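Undergrad: predicted model and sequence follow; I will ask about them next.
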Amino acid sequence: MGGSSIGYLLREGARNIYANKQMSVAAIGVLVACMLLIGASIVFSFNANSFVGYVEAQNEVVVFLKDNLSDDRISEVEQQLKNTENVSAVRFISKEEGLNSWVQSMSGVAENSEELFAPLYEDNIMPDSFSVTIRDLSQLDATVQVLSDYDDVDYVRAPEQVAQTITIIKHAVNLGGAAIVLLLIGVASMIIANTIKITVFNRRKEISIMKYVGATDMFIRLPFIVEGLLLGLLSASVAFLLIWGLYSLLVHWLAGEGVGWLTFLTENLVPFGSMALPLMGCFLFVGVAIGTLGSIIFVRKYLKV
Amino acid sequence: MIKLTNVSKRYPSGNLALDNVSLDIDKGEFVFIVGSSGAGKSTLMRLLLREETPTSGRVIVNGRNVGEMKRRDIPYFRRTLGVVFQDFRLIPTMNVYDNVAFALRATNVSNKDIRQRVPYILNLVGLQGKARSMPEQISGGEQQRVALARALVNNPDLILADEPTGNIDPELSYEIVELLTEINKVGTTIVMVTHEHELVAQFDHRIIQIEKGRLVADTGKIGGHNGRK
């Protein structure tokens, strides 16, 4: 195929979009709407994961040490904890700090708490401990088992209920997000396929003329494929810009509200840049791959002249 | 050029459209194929275009056996002939020039050649001033001239015209056949299907009559390219 033919095919694809303005606008509208739904699901999934990740990072496993360990031994245990798999952070809590924190947490229980707890400071029964942050909460049980087995570790207190709940939510968000995106891609594919079917049907006369003048099947298909490709690209770009704009507005609005739980939301919103690539990839796949495939499949029907 | 030997065509519905038809059309002839509605004329055209294959018998067009032709060879076969239809079949979104150039582009002709050949052909059919007009802006007769220009632009050896005057008034019909006669004079074989006996009678061309799928009359080859009676 010569250069003039390639130029012709590209021009023809663009011309067809313009010549069939109504159909093209309808196709782009449908595509953009589908992509926006898919994009919203992706954005939601990313952010839900970020929030769950934030909550996950707040988890704390406390490793209580046996009494009367030397400073050197405590340092050794700290190093051992840091080297443990699935442990992301380790912080030493001295018995004094431990007691302070406990007394503070109990301060609301009684009016004269300071007086009430004063004897504890005289004979501090709190053990030295480490606050350990776990990387993957779904592996909590196994990690706790490893930590418990270390020498000089008395016992380990872990938020098992919280860990289980977070793990379930995380799986649900991931699975649910993927299922919704797949479902929407399926729906979008059907709508795009139908739009192409109508476009091809409207131009069956043109296709039959091409056949009579001796055009090869590939030559007939290419402008439709180029058209599908261009419509897909155009729709993907429009959807991408729209979702970018809408997301920025949302971030701006949340930052403006800046109160209570919204602060927590705003701080954990995923920056658009981190989602841009998967979003564009998904839009291009839906628009271009399905647009192109749809053209190939439906033009075939009208090639049998 | 065209040779049919004991050709029959039966459609899946059971309708026998052509029944044991044999005929020869030589290079350079102008042949009218006449017959009443449902006689089998259109089926004959579809066989010549390789839109259909015969149920039995052999159909040879431009040296190729259309019954045995592979699907991928059909476009190259069709480039050796030009086709004109009753309903013109122009692309409404393209102007006159592009409708004609379309046939060249579809067969990978270079832009340089397209720029030379399209104006020449439009001039030949008398549409030199209408190149930028859209199909809806010109008359039925002019639209058929555009269709004829498109059929001619690839310089085919054979033109198949299926009721080309069916949608235009008698005066313009005469002009179209006269134009086809002029084209025939330079050596292009013309096969024109029509049911307009009065029109056919005005020209001195070979006439083949088909009725109920059978060839019932053939005036035989008329000598020379004298055309008009």
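TA: Okay, I see it. These figures come from a predicted structure and were not determined experimentally.

Undergrad: work out for me the element residue B:178 sits within.
TA: helix B:170-185 (DSSP states H and E).

Undergrad: grab the nearest non-local neighbour of residue B:77.
TA: Of all residues not flanking residue B:77 in the chain, residue B:64 sits nearest, at 5.5 Å (CB to CB, 6 or more residues apart in numbering or on different chains). For glycine as for every other residue, the C-beta is placed from the backbone atoms N, C-alpha and C.

Undergrad: and the pLDDT at that neighbour?
TA: Listed pLDDT for residue B:64 reads 93.

Undergrad: buried set for the helix or strand that contains residue A:154?
TA: Take DSSP H and E as the rule and residue A:154 turns out to sit in strand A:153-157. For strand A:153-157, the buried set under the neighbour-count rule, 16 or more other CB atoms under 10 Å in any protein chain shown, comprises A:153, A:156.

Undergrad: parallel or antiparallel, list what pairs with that strand.
TA: strand A:61-65 (antiparallel) (DSSP bridges).

Undergrad: got the contact list for the strand it pairs with?
TA: Residues from elsewhere that reach strand A:61-65 (CB atoms under 8 Å, 6 or more residues apart in numbering or on different chains): A:74, A:77, A:81, A:93, A:127-134, A:140, A:143-144, A:147, A:152-159.

Undergrad: center of the chain, which residue is that?
TA: Since no chain was named, I'll use chain A. Closest to where the C-alpha atoms of chain A average out (CA atoms, centre = their mean) is residue A:46, at 2.4 Å.

Undergrad: nope, chain B please
TA: Mean-position check on chain B, CA atoms, centre = their mean. Result residue B:160 at 1.7 Å.

Undergrad: return the residues in contact with that residue.
TA: Per CB under 8 Å, 6+ apart, neighbours of residue B:160: B:45, B:48, B:49, B:81, B:82, B:83, B:84, B:191.

Undergrad: just residue B:117 next, same as before
TA: B:104, B:109, B:153.

Undergrad: check the offset of the helix or strand encompassing it from the chain's centre.
TA: Per DSSP H and E, residue B:117 falls inside helix B:111-124. Counting by CA atoms, centre = their mean, to the nearest Å, helix B:111-124 is centred 21 Å from the centre of its parent chain.

Undergrad: for it, buried residues please.
TA: In helix B:111-124, counting by 16+ other CB under 10 Å, buried: B:111, B:114, B:117, B:118, B:121, B:122, B:124.

Undergrad: could you report the pLDDT at the fifth one?
TA: According to the model's per-residue confidence, residue B:121 sits at a pLDDT of 93.

Undergrad: quick check: it touching residue B:155?
TA: No. Using CB atoms under 8 Å, residue B:121 makes no contact with residue B:155, being 9.1 Å away.

Undergrad: can you put the contacts of residue B:117 in CSV and add secondary structure?
TA: Compiled in CSV, the contacts of residue B:117 are given as follows (DSSP: H, G, I helix; E, B strand; the rest coil):
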residue, secondary structure
B:104, helix
B:109, coil
B:153, coil
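
Undergrad: what about the residues you listed, which one has the most neighbours?
TA: residue B:153 (25 neighbours; other CB atoms under 10 Å in any protein chain shown).

Undergrad: pLDDT score assigned to that residue?
TA: pLDDT, residue B:153: 93.

Undergrad: stretch A:218-235 and chain B, any residue contact?
TA: Yes. Counting by CB under 8 Å from any CB of the partner chain, chain B has neighbours in stretch A:218-235: A:219, A:220.

Undergrad: near residue 216, how many other residues are there?
TA: Unless you meant another one, I'm taking chain A. 20.

Undergrad: actually, chain B is the one I wanted.
TA: Residue B:216: 12 neighbours (other CB under 10 Å).

Undergrad: in this structure it contacts residue B:209, no?
TA: Yes. If you go by CB under 8 Å, residue B:216 and residue B:209 touch, sitting 5.1 Å apart.

Undergrad: how about the helices in chain B?
TA: For chain B, helices defined by DSSP state H occupy the ranges B:41-48, B:74-78, B:96-105, B:111-124, B:140-152, B:170-185, B:197-201.

Undergrad: residues from chain B in reach of chain A?
TA: Residues of chain B lying near chain A (CB under 8 Å from any CB): B:49, B:51, B:72, B:75-79, B:83, B:89, B:91, B:93, B:102-103, B:105-108, B:110-111, B:150, B:154.

Undergrad: mark which of those residues are buried, thanks.
TA: Judged by 16+ other CB under 10 Å, buried ones among those: B:49, B:51, B:75, B:77-79, B:83, B:89, B:91, B:93, B:102-103, B:105-108, B:111, B:150, B:154.
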